[in-house]
Each structure stands twice: as structure tokens, then as C-alpha cells.
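**Q** Okay, here's the prediction I keep looking at, along with the sequence it came from:
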Amino acid sequence: MHLSLAAVLVVGWSAVALAAPISDLQQSTVACKGAFQCRTLYRPPNSIATCRNSLCGYECEEGYVALGKRRCIPEARASEVVSRASESAASATSTTTPDPLPSSTATSAQPSTAVTTTSTSSAPPPTSSGNALTEAGVTGFPGLNTNAILSWYDTNSGRDSTNGNSWCGFPYDNSVPGFAPSLNTMLANFDGDYESAAKAYCGLEAEITTPDGRTVTLYVADAFDDTWVRTPASLDIIHDSFESLYGSYTDNKNNVVKKASWRFTGRRNERLTFKSTDSLGGWATPDSPTSTVTSATSIPTTVQTSATDTAPTPSSSANALTQAGISGFLGNNTNAILSWYDTNSGRDSTNGNSWCGFPYSNDLPGFAPSLRTMLSNFDYDYETAARAYCGLEAVITTPDGRTATMYIADAFDDTWVITPSSLDIIHGSFAQLYGSWTDNKLDVVKNAHWQLTGRRNERLTFKSKNPLGGWS
């Protein structure tokens with residue numbers, strides 16, 4: 001399903017929580033109409049998403065073969081692996097069946113705070129060995145990790161797509177002093193092998209420090225879906241522990257801490273190791289640091305677009321781009337894929353409210369470009385980015401010469417941005433570019449191009465009071 005970020009961020013900015021991976025390489029229980037709807041679900045490296053019999057799944061890429069139900073390995077290695085397994089089986093006096101992966105909750109494109117973590121009873125001190133990293137072969141996140149954005153999530157919450165079970169293979173709740181670093185970094189360290197990565201990273205101790213000097217000791221207890229990892233060092237913190245870093249309790253997803261730093265200590269907490277049976281209960285709140293943190297407002301609750309009354313002529317200033325400090329999408333943006341979405345639809349995860357801060361409907365002549373490009377233009381400051389981009393006018397042209405003038409009225413979740421210039425078009429305007437009405441999500445326009453004109457429509461500026469009605 002092609003989603004505008006308007007749709008995706010209805011519950012606020014946070015990482016998609018990664019529950020344990022689905023255990024069937026071929027198929028999950030998530031319904032689909034096309035493979036593009038399945039791309040945000042967990043799958044092993046070197047695999048592609050599939051949609052068969054209306055259910056999401058994945059298969060190994062060309063040149064790779066399935067090893068069990070959760071790995072894709074090069075064909076050249078397959079015979080070697082099978083041979084080793086046969087020799088091992090022949091020499092063993094008995095065989096044991098490995099425990100299945102933890103039950104998974106498949107996550108859709110809807111954002112959630114993080115991959116799950118666990119909490120435990122009476123927290124013992126972590127093992128004192130300073131060699132936990134080298135002993136486990138950990139190479140990810142070496143030294144001091146800087147420029148981290150710290151967000152938060154609840155461990156069992158529909159809003160955060162968590163279900164009380166951690167990527168680390170144990171149950172958890174909000175009392176665990178845990179965090180989730182980049183999933184891709186951990187998997188890449190171990191050739192995409194989930195169990196090897198989880199055994200190596202889960203329970204590792206880290207010291208996390210905010211720009212104003214708050215320092216808290218937490219443990220790896222989950223994995224952070226890289227769709228929401230804004231900088232390589234970014235972390236998703238379990239809710240109860242976030243207060244110690246943020247400086248006060250918050251239930252606002254826009255409240256994050258920017259420019260934090262952290263490092264592994266080389267120790268591991270045995271209660272948070274992979275598939276720990278002692279993860280719940282008895283955790284004390286991390287010691288409160290002495291200084292106060294100011295929150296960095298980042299991404300808003302929804303990313304959508306809006307429609308308006310009687311469309312006025314956009315502001316004639318050709319300097320709207322330079323006046324706002326725009327550096328994204330300058331010049332002619334080529335190789336764009338144009339898709340469409342409804343502004344208030346369960347299918348598209350939209351709720352009638354735009355990322356630009358106003359209500360909208362399908363008659364708005366609006367579109368959504370890459371969220372990441374707009375945010376990165378302004379150091380990931382949501383309000384500054386929205387004020388700069390919302391309402392900007394663009395001329396969009398298809399390969400067969402159709403041209404339409406539209407306005408930025410939303411943000412496009414980069415999970416679905418196939419090429420840097422791809423756009424999601426509000427449904428009512430899509431027919432002008434596609435050539436006819438369609439309700440089929442597979443109908444897109446490829447190889448389009450577009451450019452910003454330098455003008456802005458005042459009815460579609462950030463938090464506009466006049467976005468609805470009268471669009472022709």
C-alpha cells in the first residue's frame with residue numbers, strides 16, 4: 001500500500017516497533033493486494049517482499065537460497081552449509097530442535113516507537129567483564145556515538161505497534177531500563193543472522209549522555225526499525241527510562257532529545273540476554289541526572305495534506321524558496337514515480353489531518369514529497385520544515401506531456417519513496433496526471449518530472465485556517 005506520511009504518522013513520530021521476526025520465509029498473516037504493501041514487514045537481508053494468495057511474505061533474491069525459514073545465503077555457500085549440517089547431525093548422539101523465534105506482531109507502515117525491550121526482576125549488576133564486545137564479535141557502534149536523536153516508546157501499545165514481547169526474545173514492560181539501536185547495524189554485523197545478532201547485542205550496557213550533561217546507564221533490549229532511525233546513532237528509549245534523559249515525564253511523541261551521545265561500556269546485563277527467562281519485575285527507575293534537558297520538537301503526529309475553499313492565486317513572489325531557506329528539490333526533479341492516496345481512509349492510514357497542520361479532503365490540489373528531504377533541510381526541526389515547504393507551488397509533468405499545477409500539502413514517508421523525486425498525489429488530483437479516474441493502488445505514473453515555481457499558496461501554509469472547500 002502506498003502511504004503518504006500523513007497517513008503514517010497519525011500516532012506521532014516514533015520508530016516502528018519491531019516485534020520478533022515472522023518465522024515463515026514464505027508467508028505471514030498480513031493481507032495485501034501487491035508486494036509494495038509488504039515492504040515494511042521484517043524480512044531477512046538479501047530477500048524481496050512478495051504478495052501471494054493475498055498474504056505478505058518474502059523470498060530470497062536471485063543468487064541466494066533459503067536457509068531454514070529466516071535466512072537467505074549465497075547459492076555458493078549453500079552446499080557448504082548443508083554439508084556441515086549433515087556432518088554435525090551424523091556425529092551428534094541426539095538432536096535438539098532450536099526454539100522457535102518469538103511470536104511476532106507484523107508491523108505496517110504505521111510508525112511506532114521502537115523495537116520492543118524487556119524488563120526484569122531485581123536488577124543485578126551487569127557482568128563486570130570489559131570484554132563482552134570482543135567476546136561476542138560486536139563491531140557495530142564502536143567508540144563514542146554522537147549526534148543521536150533519542151525518542152521513546154511504550155512496550156505494549158497499539159500506538160507503538162508493540163505487544164509486550166521484545167526483539168531480544170523475552171517479555172518486557174515499561175520499567176526495563178532499556179533502549180533500541182539500529183536493527184540494520186546489528187544484523188549487518190552478523191551477515192543478517194537474527195539469532196547471532198540478538199545473542200551478541202541484547203543486554204549490552206551503554207552510557208547515554210544528553211547535550212546538557214545528563215547521563216543514564218541503559219541496556220540493549222530491542223531493535224530500532226531503520227525506517228525511523230534519523231541518524232546512525234539514534235536510539236529509541238523505553239518510556240519509563242526516557243524521563244531521566246528528557247528531564248520530565250512526557251506522553252508527547254514530538255518530545256525528543258537531539259545531539260545526544262552514547263557508548264558501550266563492554267559489560268552485559270545477564271537478565272536481558274537473548275531469550276532471558278528473568279526479564280520482568282524489580283527494575284528501579286534509572287538515577288535522575290541533575291541537569292535539565294530541553295526537548296527538541298521533531299516530527300508531528302500526522303503527516304497529511306489539506307484541501308481548501310476557493311483556491312486563491314498563490315503568492316506571486318518568486319523568492320518563496322530563497323526567503324524560506326529551501327535547499328531541497330531545487331531545479332528539475334526527474335525520474336519521479338507518482339502514486340495517489342485518499343486523505344481520510346483506513347486503507348491509506350489517513351485521518352483527514354495534514355502534516356502541514358490543517359484538515360484536508362480529496363479535492364485539494366496537493367501532493368506530498370519526501371519527508372526526509374524536507375526535514376534534513378532544517379536539521380530535522382518539524383515546524384521550521386513545515387513552515388518552509390507547506391504551500392509551495394510546483395508544476396508536475398508526465399512523460400506524455402500532461403501538466404498540472406499543485407501545492408505541497410503533506411509529507412511522503414520515505415519507506416514508500418522509491419526514487420528521491422517521487423510524489424504522493426491527493427486522489428482527486430491524480431486523474432489529471434494519470435489520464436483517468438482510478439481506484440487501483442497499482443496504477444502509478446513513472447518517469448514524471450516536476451519543479452518548484454518559487455510561489456506559495458497562502459491557503460496551504462503551515463496551520464492554515466482556510467484549507468477546506470472551493471477547490472476546482
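**A** Here it is on my side, so go on. Numbering: from 1, shown residues only.

**Q** buried residues in the lengthiest strand in the chain?
**A** Secondary structure assigned by DSSP state E gives strand 255-268 as the longest strand of the chain. Of all the residues in strand 255-268, those buried under the rule 16 or more other Cβ atoms under 10 Å are 255-258, 260-264, 266-268. For glycine as for every other residue, the C-beta is placed from the backbone atoms N, C-alpha and C.

**Q** repeat for stretch 236-253
**A** 236-247, 253.

**Q** ditto for stretch 170-180
**A** Of the residues in stretch 170-180, those with enough neighbours to count as buried (16+ other Cβ under 10 Å) are 170-180.

**Q** what do you get for stretch 376-394?
**A** When neighbours are counted by 16+ other Cβ under 10 Å, the buried residues of stretch 376-394 are found to be 377-378, 380-382, 384-394.

**Q** and what of stretch 323-343?
**A** Neighbour count says stretch 323-343 has 324, 326, 328-329, 333, 336-343 buried, by 16+ other Cβ under 10 Å.

**Q** again with stretch 448-461
**A** 448, 450-452, 454-457, 459-461.

**Q** Which residue ranges of the stretch 301-450 of the chain form helices?
**A** Counting by DSSP state H, counting those that start in this stretch, the segments of the stretch 301-450 of the chain that form helices are 320-324, 371-376, 382-389, 427-434.

**Q** which two in the buried residues of stretch 376-394 are spaced the farthest apart?
**A** Pairwise distances across the buried residues of stretch 376-394 (Cβ to Cβ) peak at 24.7 Å, for the pair 380 and 393.

**Q** Export the helix or strand containing residue 207 to PDB, keeping only CA atoms.
**A** For residue 207, the enclosing helix or strand under DSSP states H and E is strand 204-209. Written as PDB, here are the backbone C-alpha positions of strand 204-209 (Å, rounded to 0.1, in the frame of the first residue of the first chain):
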ATOM      1  CA  LEU A 204      24.900  -4.800  26.400                       C
ATOM      2  CA  GLU A 205      25.300  -1.900  28.700                       C
ATOM      3  CA  ALA A 206      25.700   1.700  27.400                       C
ATOM      4  CA  GLU A 207      26.100   5.100  29.000                       C
ATOM      5  CA  ILE A 208      23.900   7.700  27.300                       C
ATOM      6  CA  THR A 209      24.600  11.400  27.700                       C
END
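
**Q** Buried residues, that strand. List them.
**A** Neighbour-count burial for strand 204-209 flags 204-206, 208-209 (criterion: 16+ other Cβ under 10 Å).

**Q** Including pLDDT and distance to residue 153, could these go into TSV?
**A** Formatted as TSV, the entries for those read as follows, by pLDDT from 0 to 100; distance: Cβ to Cβ, whole Å:
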residue	pLDDT	distance to residue 153
204	94	19
205	92	20
206	92	17
208	94	15
209	92	20
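
**Q** on that earlier part again, from the buried residues of stretch 170-180, which land in helices?
**A** Judged by DSSP state H, the subset of these located in helices is empty.

**Q** ranges for the helices of the stretch 101-250 of the chain?
**A** In chain order, the stretch 101-250 of the chain shows helices spanning 132-136, 183-188, 194-201, 239-246, with DSSP H, counting those that start in this stretch as the criterion.

**Q** Residue 417: which of the ones you listed is closest?
**A** When those are ranked by distance to residue 417, counting by Cβ to Cβ, first place goes to helix 183-188 at 17.4 Å.

**Q** And residue 383, how far from residue 375?
**A** Using Cβ to Cβ, to the nearest Å, one obtains 11 Å as the distance from residue 383 to residue 375.

**Q** actually residue 202, not the one I wrote
**A** With distances taken as Cβ to Cβ, residue 202 is found 31 Å from residue 375.

**Q** of those two, who's got more company?
**A** When neighbours are counted by other Cβ atoms under 10 Å, residue 202 comes out ahead of the other of residue 202 and residue 375, with 30 against 22.

**Q** My read is that that one contacts residue 269, right?
**A** No - Residue 202 lies out of contact with residue 269 (Cβ atoms under 8 Å); the separation is 9.2 Å.

**Q** Could you tell me which of the buried residues of stretch 448-461 belong to strands?
**A** By the criterion of DSSP E, membership of these in strands covers 448, 450-452, 454-456.

**Q** partners of the closest residue to residue 331 other than its chain neighbours in the sheet?
**A** Leaving out its chain neighbours, the residue that sits closest to residue 331 by Cβ to Cβ, 6 or more residues apart in numbering is residue 451, at 6.4 Å. Beta-bridge partners recorded for residue 451 (DSSP bridges): residue 395.

**Q** Isn't residue 451 up against residue 403?
**A** No - Residue 451 is beyond contact range of residue 403, at 11.3 Å (criterion: Cβ under 8 Å).

**Q** Now for the two: what residues contact both?
**A** Here residue 451 and residue 403 share the contacting residues residue 395, scored by Cβ atoms under 8 Å, 6 or more residues apart in numbering.

**Q** can you give me the mean pLDDT across stretch 325-334?
**A** This predicted structure assigns stretch 325-334 an average pLDDT of 89.

**Q** same thing with stretch 269-286?
**A** For stretch 269-286, mean pLDDT is 82.

**Q** quick revisit: possible to save the buried residues of stretch 170-180 as CSV with pLDDT and distance to residue 353?
**A** Below are the buried residues of stretch 170-180 laid out as CSV (pLDDT from 0 to 100; distance: Cβ to Cβ, whole Å):
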residue, pLDDT, distance to residue 353
170, 89, 37
171, 89, 35
172, 90, 32
173, 88, 31
174, 88, 28
175, 88, 33
176, 91, 33
177, 92, 35
178, 94, 32
179, 95, 30
180, 94, 28
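
**Q** Let me see the domain layout of the chain.
**A** The chain breaks down into these domains under automatic domain parsing: 5-20+108-297, 22-100, 320-460.

**Q** related to what we said a few turns ago, looking at the buried residues of stretch 236-253, which one is closest to residue 412?
**A** Among these, residue 253 lies closest to residue 412 (Cβ to Cβ), at 19.2 Å.

**Q** Tell me where the model's unsure across this structure.
**A** Per-residue confidence of the chain (counting by pLDDT under 70) places the weak regions at 1-45, 67-71, 77-130, 284-318, 472.

**Q** which residues does residue 204 contact?
**A** For residue 204, the residues meeting the contact criterion (Cβ under 8 Å, 6+ apart) are 132-133, 138, 219-220, 264, 267-268.

**Q** For residue 134, see how far away it is.
**A** Counting by Cβ to Cβ, the separation of residue 204 from residue 134 is 12 Å.

**Q** do residue 221 as well
**A** Taken as Cβ to Cβ, the span from residue 221 to residue 134 is 21 Å.

**Q** With residue 216 instead?
**A** Using Cβ to Cβ, we find residue 216 at a distance of 25 Å from residue 134.

**Q** Could you do residue 330 as well?
**A** Between residue 330 and residue 134 the distance is 47 Å, computed by Cβ to Cβ.

**Q** Same check on residue 366?
**A** Separation of residue 366 from residue 134 (Cβ to Cβ): 53 Å.

**Q** which of the two has more neighbours?
**A** Neighbours per residue, other Cβ under 10 Å: of residue 366 and residue 134, the larger number sits with residue 366, 33 against 11.

**Q** pull the CA atoms of stretch 427-442 into CSV?
**A** Below are the C-alpha coordinates for stretch 427-442, written out as CSV (Å, rounded to 0.1, in the frame of the first residue of the first chain):
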residue,chain,number,x,y,z
HIS,A,427,-6.6,11.3,-5.1
GLY,A,428,-8.9,14.0,-6.5
SER,A,429,-6.0,15.5,-8.4
PHE,A,430,-4.4,12.3,-9.6
ALA,A,431,-6.7,11.9,-12.6
GLN,A,432,-5.2,15.0,-14.2
LEU,A,433,-1.8,13.3,-14.4
TYR,A,434,-2.9,9.7,-14.9
GLY,A,435,-5.4,10.5,-17.6
SER,A,436,-8.5,8.9,-16.0
TRP,A,437,-10.0,8.1,-12.6
THR,A,438,-8.6,5.0,-10.9
ASP,A,439,-9.0,3.3,-7.5
ASN,A,440,-6.3,0.8,-8.1
LYS,A,441,-3.2,1.3,-6.0
LEU,A,442,-1.0,-0.4,-8.6
